[in-house]
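Chemist: with the input below, show me the fold.
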Amino acid sequence: MKFKLDENLDVRLAAAMREKGLDGDTVLSEALSGASDEGIFNACKKTDRVLITLDLDFANPFRFPPKSAPGNLVLRS
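Modeler: Model (predicted):
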């Protein structure tokens, strides 16, 4: 499974994921910083990556249908 970390998460998490054998990438590494939510969602679909984010907008299943992408993981504290 491949993951993409949104820009609201520390980029060091991607390196930590890779150290554990996971395929972690970041929005910043693909020059998607400042891109629209739809742009990030579509980039994740194209590269078959699960988005990990703090952005609650990605929790809206009407705006970002779960069946149309590998997934969105919205973290809350």
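Chemist: ends of stretch 8-28, how far apart?
Modeler: In terms of CA to CA, to the nearest Å, the two terminal residues of stretch 8-28 are separated by 10 Å.
Chemist: swap in stretch 69-77?
Modeler: From its first residue to its last, stretch 69-77 covers 24 Å (CA to CA).
Chemist: so how far is it from its chain's centroid?
Modeler: The chain centre lies 7 Å from the centre of stretch 69-77; the measure is CA atoms, centre = their mean, to the nearest Å.
Chemist: from the chain's centre, how far out does stretch 59-72 sit?
Modeler: Chain-centre distance of stretch 59-72: 12 Å, with CA atoms, centre = their mean.
Chemist: which stretches of the chain form strands?
Modeler: 2-5, 23-26, 49-53, 72-74 (DSSP state E).
Chemist: any chance of those strands in CSV, with distance to residue 41, mean neighbour count and mean pLDDT too?
Modeler: For the C-beta atoms, the positions are set from N, CA and C on the backbone; glycine is no exception. Listed next are those as CSV, based on distance: least, CB to CB, whole Å; neighbours: other CB atoms under 10 Å; pLDDT from 0 to 100:
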stretch, distance to residue 41, mean neighbour count, mean pLDDT
strand 2-5, 10, 21, 97
strand 23-26, 15, 19, 96
strand 49-53, 7, 21, 98
strand 72-74, 8, 17, 96
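Chemist: can you list those strands in a markdown table and add distance to residue 43?
Modeler: Below are those laid out as a markdown table (distance: least, CB to CB, whole Å):
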| stretch | distance to residue 43 |
| --- | --- |
| strand 2-5 | 7 |
| strand 23-26 | 10 |
| strand 49-53 | 8 |
| strand 72-74 | 13 |
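Chemist: so residue 23 touches residue 5, yeah?
Modeler: No: contact criterion CB atoms under 8 Å: residue 23 and residue 5 do not qualify, at 11.5 Å.
Chemist: report how many residues lie close to residue 58.
Modeler: The number of residues packed near residue 58 is 22, by other CB atoms under 10 Å.
Chemist: that one and residue 37 touch, don't they?
Modeler: Yes: contact criterion CB under 8 Å: residue 58 and residue 37 qualify, at 6.7 Å.
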